[in-house]
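Student: All I have is the shape, not the residue letters:
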């Protein structure tokens with residue numbers, strides 16, 4: 001049985017892991033078959049989860065159950081994220097991304113992003129914080145819209161920019177495009193509305 005402090009630590013670990021994977025409570029509920037209400041209470045330390053519920057939550061987040069209880073600040077131990085456990089998330093239009101960064105990784109987030117032919121990050125440019133963002137094209141060709149500028153990137157090309165600059169990526173080739181995408185430190189994307197406003 002966890003004490004209140006243990007419940008709070010576990011809840012914080014769950015909330016942190018979910019946020020790093022850009023998952024809402026609803027998405028996590030759908031992935032686990034658990035209710036949003038239960039997950040919310042678990043994250044706030046108001047209830048305790050069974051071993052089976054924690055196992056299914058950890059699996060949906062690409063973690064081992066033990067990872068939820070090992071929150072080390074500035075830890076020196078290495079962490080492994082198995083390929084079979086990588087979270088695969090829908091992204092933009094006709095695109096998916098896999099998180100490659102084991103948790104916890106407070107200062108960097110790395111994704112492998114796959115765009116189908118004609119796929120993109122979305123209809124509008126978006127921003128998120130003011131981090132360093134690097135894109136490396138592993139296969140295919142894409143167009144990067146960066147504010148008023150446009151860059152055509154082929155296999156092997158890379159580009160670095162600030163995530164505070166409105167940007168959008170589109171697959172302009174006739175094959176699937178795969179990108180290696182690094183954000184440091186991790187931030188939450190915001191979409192630009194037609195009036196220039198932003199929203200998460």
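Tutor: Ah, there it is. From a predicted model like this one, the values you see are computed outputs, not experimental measurements.

Student: How far away from the center of its chain is stretch 86-96?
Tutor: Put simply, stretch 86-96 sits 9 Å off its chain's centre (C-alpha atoms, centre = their mean, to the nearest Å).

Student: tell me the mean pLDDT over it?
Tutor: Taken as a whole, stretch 86-96 carries a mean pLDDT of 87.

Student: Enumerate the positions of that stretch that are buried.
Tutor: 86-87, 89, 91-92, 95-96 (16 or more other C-beta atoms under 10 Å). C-beta coordinates here come from the backbone N, C-alpha and C atoms, glycine included.

Student: Pick the one among those closest to residue 42.
Tutor: Using C-beta to C-beta, residue 87 is the member of the buried residues of stretch 86-96 that sits closest to residue 42, with 18.5 Å.

Student: From residue 129, how far off is the residue nearest to that closest one when sequence neighbours are not counted?
Tutor: What sits nearest to residue 87 in space, not counting adjacent residues and going by C-beta to C-beta, 6 or more residues apart in numbering, is residue 62, at 4.1 Å. Distance, residue 62 to residue 129, using C-beta to C-beta, to the nearest Å: 23 Å.

Student: Then residue 146?
Tutor: Residue 146 sits 16 Å away from residue 129, going by C-beta to C-beta.

Student: that older thread, touching, the residue nearest to residue 87 and residue 101? I think so.
Tutor: No: using C-beta atoms under 8 Å, residue 62 is not in contact with residue 101, being 9.8 Å away.

Student: which non-adjacent residue is nearest the residue positioned nearest the centre of the chain?
Tutor: Closest residue to the average C-alpha location of the chain: residue 21 at 3.5 Å, with C-alpha atoms, centre = their mean. With sequence-adjacent residues excluded and distances taken as C-beta to C-beta, 6+ apart, residue 21 is closest to residue 87, at 5.1 Å.

Student: can I assume the one you found is in contact with residue 99?
Tutor: Yes: shown here, residue 87 and residue 99 form a contact pair, counting by C-beta under 8 Å, at 4.9 Å.
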